[in-house]
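> Mind looking at a prediction? Sequence and model below.
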Amino acid sequence: MSANQFGSRFVITSFGESHGTALGVLIDGCPAGVTFDEALLKKELERRRPGHHGAGAGQVVGQVVSGRAETDAAEVLSGVFEGKTLGTPIAMIVRNQDARSEDYAQIQKAPRAGHADDMWKNKFGHSDHRGGGRSSGRETVSRVMAGSVAQMMMAHVSAPTKVIGYASQIGSYELTPDERVRVTQNHIDSYQARFPSVRHNEIAEMLKKAQESGESYGGVAEILVQNPPANLGQPVFHKLKSDLAQAFLSVGAANGFELGLGFESAAVQGTSFHQGSQEAYGGIRGGISTGESILLRVSFKPTSSILDVAKKGRHDPCIVTRAIPVLEAMTWLVLADHYLWSKTDRI
């Protein structure tokens with residue numbers, strides 16, 4: 001099993017299991033001299049945690065996500081000295097403290113429907129069934145730690161660049177065009193389920209009822225990259241869009257990816273598509289960033305834990321809400337990787 005690395009220049013290795021000692025990440029390739037922002041790291045890990053979605057989120061949000069209560073305090077083991085990166089490998093861990101392994105004893109004999117339990121056992125012969133082991137969504141702690149460092153690096157070289165994630169659809173609820181236009185990172189976390197709409201309380205109530213009844217929902221997350229560096233992307237096999245697609249689809253429960261107008265463009269005539277707004281391209285042409293805003297979408301299937309499995313365990317009735325900080329982290333990783341790669345394009 002050797003597919004735990006991501007990136008070509010800014011390379012991360014994710015490790016750890018859901019109920020093991022810790023989750024961690026090793027980052028190789030981050031340049032020296034980047035200011036290590038501990039407050040940013042703490043904030044991003046907090047955003048990924050259950051029930052911690054910013055000021056004004058209220059108690060309902062805390063009730064519609066997993067009840068697992070981890071502190072997710074990062075320990076930096078190497079690569080940072082006197083508040084700056086050294087250019088050497090950065091190792092970080094988050095220790096597991098609230099694992100309830102006994103809740104998963106039955107999985108050894110009865111894999112959960114829709115989960116990866118039986119697939120991992122069939123493929124590897126021996127796997128950690130506790131909480132899903134490495135196939136658990138808890139693995140994303142490693143991604144968020146790494147993405148935080150990538151964000152620190154990009155702040156050093158491209159300060160205007162911003163990455164904003166939000167839920168554009170949860171179940172049958174969708175943002176209106178006007179609501180999408182008003183999206184800003186400063187207020188996304190203040191909405192229930194990170195759905196920036198006046199209907200966000202309805203979403204929370206729907207998810208609360210789903211959690212009580214053992215139902216689950218899917219949805220769509222959108223990632224908006226504002227002021228990205230131009231000329232990122234390495235055609236032909238590492239186009240910026242292809243690496244973003246890989247990054248997003250590597251997140252558990254993700255099952256679809258769109259750039260710009262996406263699948264809607266299939267029904268649009270070429271004379272309209274190519275002579276209309278540049279936004280249709282999503283900020284990437286020829287696999288290379290144009291410097292314009294990049295708009296990405298990723299769809300998520302309904303959470304696999306349903307009915308009695310959901311009622312007995314600690315599960316999210318919808319993955320989208322907590323996936324957003326993870327998608328943002330993966331976006332920062334791709335941007336950092338391609339920024340470093342672009343420095344070798346010319347001599």
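Perfect, thanks for sending it.

> When you work out contacts or count neighbours from here on, use the C-alpha atoms and nothing else.
Noted.

> Next one: the residue lying closest to S265 once chain neighbours are set aside from I188, what distance?
In space, and not counting its chain neighbours, S265 is closest to F273: 7.3 Å by CA to CA, 6 or more residues apart in numbering. Using CA to CA, to the nearest Å, F273 is found at 31 Å from I188.

> try L240
26 Å.

> Would you map the strands across the stretch 101-250 of the chain?
Ranges of strands in the stretch 101-250 of the chain, per DSSP state E, counting those that start in this stretch, are 162-170, 173-174, 219-226.

> want to throw the ones you listed into JSON lines with mean pLDDT and distance to D345?
As requested, the strands of the stretch 101-250 of the chain are exported to JSON lines (pLDDT from 0 to 100; distance: least, CA to CA, whole Å):
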{"stretch": "strand 162-170", "mean pLDDT": "97", "distance to D345": "24"}
{"stretch": "strand 173-174", "mean pLDDT": "97", "distance to D345": "41"}
{"stretch": "strand 219-226", "mean pLDDT": "97", "distance to D345": "23"}
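
> Out of the ones you listed, which is the most enclosed?
Neighbour counts (mean count of other CA atoms under 10 Å) averaged over each of the strands of the stretch 101-250 of the chain peak at strand 162-170, with a mean of 24.

> Identify the residues contacting it?
The contact list for strand 162-170 (CA atoms under 8 Å, 6 or more residues apart in numbering) reads 174-175, 180, 184-185, 188, 193-196, 203, 217-228, 318, 320-321, 324-325, 327-328, 331-332.

> Tell me the buried residues within those.
174-175, 180, 184, 188, 193-196, 203, 217-228, 318, 320-321, 324-325, 327-328, 331-332 (16 or more other CA atoms under 10 Å).

> Can you flag which of the residues you listed belong to helices?
Within the buried ones among the contacts of strand 162-170, residues falling in helices by DSSP state H are 180, 188, 203, 320-321, 324-325, 327-328, 331-332.

> nearest to G87, of those?
Set against G87, the nearest of these by CA to CA is W332 (18.1 Å).

> Go ahead and confirm the closest one touches A150.
Yes. Using CA atoms under 8 Å, W332 makes contact with A150 at a distance of 5.6 Å.

> looking at the protein, which helix or strand is least sure?
helix 58-63 (a mean of 41; mean pLDDT, DSSP states H and E).

> A329 - how many residues pack around it?
28 (other CA atoms under 10 Å).

> what's it in contact with, if anything?
Contacts of A329 by CA under 8 Å, 6+ apart are 143-144, 146-148, 150-151.

> Buried subset of the residues you listed as a PyMOL selection?
Provided next is the PyMOL selection string for whichever of these are buried by 16+ other CA under 10 Å:
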select buried, resi 143+144+146+147+148+150+151
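
> mind listing which of the contacts of A329 are in helices?
Those of the contacts of A329 lying in helices (DSSP H): 143-144, 146-148, 150-151.

> Tell me if V76 really is in a helix.
No. V76 sits outside any helix when classified using DSSP: H, G, I helix; E, B strand; the rest coil, being strand.

> Tell me the secondary structure at the residue nearest to it when sequence neighbours are not counted.
Once flanking residues are discounted, V76 sits nearest to M92: 4.5 Å by CA to CA, 6+ apart. Assigned with three-state DSSP, M92 falls in the strand class.

> what about M92, distance to L41?
M92 is 11 Å from L41, by CA to CA.

> intersection of neighbour lists for those two?
74, 145.

> Quick one: residues contacting A74.
So A74 contacts 41-42, 92-95, 145 (CA under 8 Å, 6+ apart).

> Report the buried members of the residues you listed.
Applying 16+ other CA under 10 Å to those flags 41, 92-95, 145 as buried.

> Quick check: phi and psi at H19.
The phi/psi pair for H19 (degrees, to the nearest 10) reads phi -120, psi 20.

> The most far-flung residue of the chain relative to its centre sits in which helix or strand?
Centroid-distance maximum for the chain: T271 at 35.5 Å, with CA atoms, centre = their mean. T271 is part of helix 270-273 when elements are defined by DSSP states H and E.

> Could you export that helix as PDB, keeping only the C-alpha atoms?
What follows is helix 270-273 as a C-alpha-only set of coordinates in PDB (Å, rounded to 0.1, in the frame of the first residue of the first chain):
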ATOM      1  CA  GLY A 270     -20.000  26.700 -29.000                       C
ATOM      2  CA  THR A 271     -20.800  30.200 -30.400                       C
ATOM      3  CA  SER A 272     -22.400  31.000 -27.100                       C
ATOM      4  CA  PHE A 273     -19.900  29.300 -24.800                       C
END
